[in-house]
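Colleague: Starting from these lines, generate the structure:
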Amino acid sequence: MTDTAHALSASRTLWDLVARRADLTPDRPVLLQDDRSLSFGELRARAERVAAGLYDMGVRPGTVVAWQLPTRIETALLSFALARLGAVQTPVIPFYRDREVGFALRESKAEFFAVPGEWRGFDHTGMARRLGAKGVFEAYDVLPDGDPRVLPPPPADGTSVRWIYWTSGTTSDPKGVLHTDRSLIAGGSCLAHALRLSANDVGSMAFPYAHIAGPDYTVMLLLYGFPAVMFEQFALPGALEGYRKHGVTVAGGSTAFYSMFLAEQRKQPGRKVIPSLRLLAGGGAPKPPEVYHAVVREMGVQLTHGYGMTEVPMITMGAPDDTVENLATTEGRPPDGMEIRIVDGEVRLRGEAVCQGYLDPAQTAEAFDEEGFLRTGDLGFVTDSGHLVLTGRLKDVIIRKGENISAKEIEDLLAAHPAVGDVAVIGLPDAERGERVCVVVEQPEGAAELTLGAVAAYLRAEGLSVHKLPEQLEVVDALPRGETLRKVLKYRLRERYARGTAPGQGSVQGQGLTQGPTQGP
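Modeller: Next up, the predicted model:
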């Protein structure tokens with residue numbers, strides 16, 4: 001981290017960070033979108049006018065304001081305006097609907113709710129009215145505006161809870177995760193330090209700005225003084241024009257994004273799909289080693305992968321100068337100030353980037369151990385070089401006849417199979433075995449049809465123990481994914497196939513294994 005970035009990382013609040021960067025490089029761009037550009041100086045000036053408009057509406061320090069907005073320059077302006085006021089803001093992913101949105105509004109006790117109106121064919125304003133939301137206002141092209149002279153002084157305390165983020169709610173209602181300005185600055189500093197970026201780089205935000213990665217990434221821009229391209233709607237190959245036009249040097253998001261870029265690269269081997277690109281970086285989902293090697297080999301760029309979650313936006317990150325082995329097989333190293341402890345195989349965390357807990361005190365008490373370490377639910381170990389290796393989830397361990405089986409181990413092996421585009425391995429209830437191993441595969445276009453026998457033979461050849469071999473194969477058109485970082489939603493697969501055909505109940509029997517039906521979830 002440069003001396004300037006290191007000094008800025010000590011900013012007490014996000015608004016303090018914005019103001020200090022605007023003083024340093026007021027004319028340099030920070031956000032790019034289509035043909036529009038916003039400089040660091042304009043970010044401060046315009047956010048203050050929006051803050052004044054919000055103040056005129058009745059928003060005060062501590063007022064809870066929910067917003068469900070797409071990845072746009074206006075969204076960043078609104079968010080920083082709220083940070084200027086010292087309001088408590090609760091971002092909601094734009095793809096959430098009545099159940100999740102209603103829950104977030106009720107639990108946060110939001111007094112205002114900013115929506116985009118009708119967006120991508122859905123009437124967000126209508127949903128807000130239907131839910132009985134308070135203080136509903138549209139904030140897409142037009143934002144509140146006022147005279148900054150009416151504003152109270154900016155907040156000076158960076159350790160008060162001013163952010164409520166929502167976990168994905170995979171099996172029940174989402175959890176409200178409590179963050180401070182300092183925890184978000186700490187997370188963004190970790191990312192910035194690891195990637196070794198400079199003022200000459202151009203980043204990209206292809207994920208929802210309402211995700212915890214939004215402030216994480218924006219903090220990095222403020223620390224290093226370089227811009228990022230915002231994509232309101234991300235789809236390839238359509239988004240490639242934006243990457244090329246703005247000369248993006250750093251892209252990514254998660255493993256699913258790497259795979260999408262790879263698929264585009266394979267359409268034109270030998271010609272870089274994004275000529276200016278030098279680095280793919282991301283996190284949020286496991287990265288099979290083969291994906292790393294394929295990106296480096298075929299795209300001619302470096303790939304650094306990290307580990308984070310809503311509760312801790314950045315925990316570890318690979319560095320571009322790490323060894324090939326560490327970049328391919330680990331999640332990188334933690335920054336100074338992030339403590340990692342392994343307890344009975346579980347990764348536990350303590351540090352400034354860790355959230356303050358949850359809205360529900362009972363959930364907070366359950367999540368932290370007696371020494372203040374957050375229980376992540378992830379399994380892993382730390383190498384002699386200090387790199388973190390994740391081996392699976394506590395709930396992603398399949399227990400077959402009393403033996404523990406790592407779903408991730410099988411997924412990593414199958415990721416290198418030429419007929420596998422993406423894969424999820426799940427455990428399903430089984431009266432005889434306790435759980436059976438089920439492999440759900442998404443095949444690339446034109447791939448030869450997979451059979452369970454072929455999958456088992458491949459895994460045997462790769463050295464997988466016989467007791468870990470799958471007993472059920474499902475081939476789907478597309479794995480179910482979340483709308484943020486495109487993580488595979490395994491709970492949907494478990495729900496679908498736990499109710500579906502089980503061994504001995506209509507499936508095809510063969511080789512002591514079972515191949516179930518091939519329709520999608």
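Colleague: Only C-alpha atoms from now on, for both contacts and neighbour counts.
Modeller: Noted.
Colleague: Please look at Phe112 and Glu138 and confirm they touch.
Modeller: No - in this structure Phe112 lies outside contact range of Glu138 using CA atoms under 8 Å: 10.7 Å.
Colleague: quick one, phi psi at the closest residue to Arg182 other than its chain neighbours?
Modeller: Leaving out its chain neighbours, the residue that sits closest to Arg182 by CA to CA, 6 or more residues apart in numbering is Gly158, at 5.3 Å. When read as degrees, to the nearest 10, the backbone of Gly158 gives phi -100, psi 0.
Colleague: Contacts only, for Gly158.
Modeller: Neighbour list for Gly158: 12-14, 180-182 [criterion: CA atoms under 8 Å, 6 or more residues apart in numbering].
Colleague: Let's see which of those end up in helices.
Modeller: Using DSSP state H, the subset of those located in helices is 14, 181-182.
Colleague: quick one: which of those is nearest to Val476?
Modeller: Using CA to CA, Asp181 comes nearest to Val476 of the ones in helices among the contacts of Gly158, at 42.1 Å.
Colleague: Touching, that closest one and Thr159? I think so.
Modeller: Yes - using CA under 8 Å, Asp181 is in contact with Thr159, at 6.5 Å.
Colleague: of those two, who's got more company?
Modeller: Asp181 (24 against 15; other CA atoms under 10 Å).
Colleague: so Leu280 sits in a strand?
Modeller: Yes - checked against DSSP: H, G, I helix; E, B strand; the rest coil, Leu280 lies within a strand.
Colleague: What does the pLDDT read for it?
Modeller: Predicted confidence (pLDDT) for Leu280: 96.
Colleague: For it, which residues count as its bridge partners?
Modeller: When assigned by DSSP bridges, Leu280 has beta-bridge partners Ala251, Leu303.
Colleague: wait, what's in contact with it?
Modeller: Leu280 neighbours (CA under 8 Å, 6+ apart): 250-252, 258, 301-304.
Colleague: ok, now with 7 Å
Modeller: Applying CA atoms under 7 Å, 6 or more residues apart in numbering to Leu280 gives the contacts 250-252, 302-304.
Colleague: tell me, how many neighbours does Gly86 end up with?
Modeller: By other CA under 10 Å, 30 other residues sit near Gly86.
Colleague: before we move on, what about Glu432?
Modeller: Neighbourhood size, Glu432 [other CA under 10 Å]: 9.
Colleague: gap between it and Glu474?
Modeller: Distance, Glu432 to Glu474, using CA to CA, to the nearest Å: 20 Å.
Colleague: Likewise for Val229?
Modeller: From Val229 across to Glu474, the span is 38 Å (CA to CA).
Colleague: and if you look at Ser204?
Modeller: Here the criterion is CA to CA. By it, Ser204 lies 35 Å from Glu474.
Colleague: what comes up buried for the helix or strand Arg460 falls within?
Modeller: Assessed by DSSP states H and E, Arg460 sits inside helix 452-461. For helix 452-461, burial by neighbour count (16 or more other CA atoms under 10 Å) applies to 452-453, 455-456, 459.
Colleague: show me where pLDDT drops low in the stretch 151-300 of the chain?
Modeller: Scanning the stretch 151-300 of the chain for pLDDT under 70 picks out the ranges 168-172.
Colleague: and if we set it to 50?
Modeller: By pLDDT under 50, the weakly predicted segments of the stretch 151-300 of the chain are 169-171.
Colleague: ranges for the strands of it?
Modeller: 161-166, 176-180, 203-205, 228-230, 250-253, 279-282 (DSSP state E, counting those that start in this stretch).
Colleague: What is the second one packed up against?
Modeller: What it means is strand 176-180. Applying 3 or more CA pairs under 7 Å, 6 or more residues apart in numbering; DSSP states H and E, we find strand 176-180 packed against strand 161-166, strand 357-358.
Colleague: Which of those strands has the highest mean neighbour count?
Modeller: Comparing the helices and strands packed on strand 176-180 by mean neighbour count (mean count of other CA atoms under 10 Å), strand 161-166 ranks first with a mean of 24.
Colleague: list the helices and strands that strand packs on?
Modeller: strand 88-91, strand 176-180.
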